[in-house]
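Trainee: fold the following, please.
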Amino acid sequence: MVLELSEPHRDAIVEHARGGAPEEVVGVLAGTNGETSRVERRYRAVNAAETPETRYEIAPEAELAILERIDDAGFDVVGFYHSHPRGPLEPSATDTRLAAWPGRSYVIVSLAGEDAGIGSWRWRGERFERESVSVVE
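Mentor: Numbering: from 1, shown residues only. Prediction:
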């Protein structure tokens, strides 16, 4: 499993995470979905969680609007991204409990430490599997 992500998309996701700290940020990734998924577009979303410092949530009406934009553009939902401002790069127990899109990528940006780290996991319906992130042109 591979997530192909351009350098500008990767950098924009990390910048979004840094700019939103100390709260978690969230967004949706669009493009082509498969064993190798390619991100063509990203859509920032407002974190509507009651405790945005430790959780992320997209309000249902906002998520529907983003999903319609993705469909209208002729893309698939590749996955989602969010940040862990003080947490690890791996999905949390809450991330696992709330994951709802089998076969999609969940990108996490960790801001813990000096440099931001970015990783991706594919949701398999019951668990996450780490996938490679390939930075492409």
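
Trainee: over to stretch 119-130 now: how far is its first residue from its last?
Mentor: From its first residue to its last, stretch 119-130 covers 8 Å (CA to CA, to the nearest Å).

Trainee: buried residues, the least confident helix or strand in the chain by mean pLDDT. List them.
Mentor: Ranked by mean pLDDT, DSSP states H and E, the weakest helix or strand in the chain is helix 93-98, scoring a mean of 93. Residues of helix 93-98 classed as buried under the neighbour-count rule (16 or more other CB atoms under 10 Å) are D95. Where C-beta positions appear, they are placed from N, C-alpha and C, glycine not excepted.

Trainee: just stretch 34-48 next, same as before
Mentor: Buried residues in stretch 34-48, counted by 16+ other CB under 10 Å: S37, R38, V39, E40, R42, Y43, A45, N47, A48.

Trainee: the chain: strands as residue ranges?
Mentor: Taking DSSP state E, the strands of the chain run over residues 2-6, 26-32, 36-45, 76-84, 105-110, 117-123, 128-136.

Trainee: can I get the ones you listed in JSON lines with mean pLDDT and distance to E68?
Mentor: Putting the strands of the chain into JSON lines (pLDDT from 0 to 100; distance: least, CB to CB, whole Å) gives the following:
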{"stretch": "strand 2-6", "mean pLDDT": "97", "distance to E68": "23"}
{"stretch": "strand 26-32", "mean pLDDT": "98", "distance to E68": "11"}
{"stretch": "strand 36-45", "mean pLDDT": "98", "distance to E68": "11"}
{"stretch": "strand 76-84", "mean pLDDT": "98", "distance to E68": "11"}
{"stretch": "strand 105-110", "mean pLDDT": "97", "distance to E68": "20"}
{"stretch": "strand 117-123", "mean pLDDT": "96", "distance to E68": "22"}
{"stretch": "strand 128-136", "mean pLDDT": "96", "distance to E68": "27"}
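
Trainee: what's the closest of those to E15?
Mentor: Put simply, out of the strands of the chain the one that sits nearest E15 is strand 105-110, at 9.6 Å, with distance taken as CB to CB.
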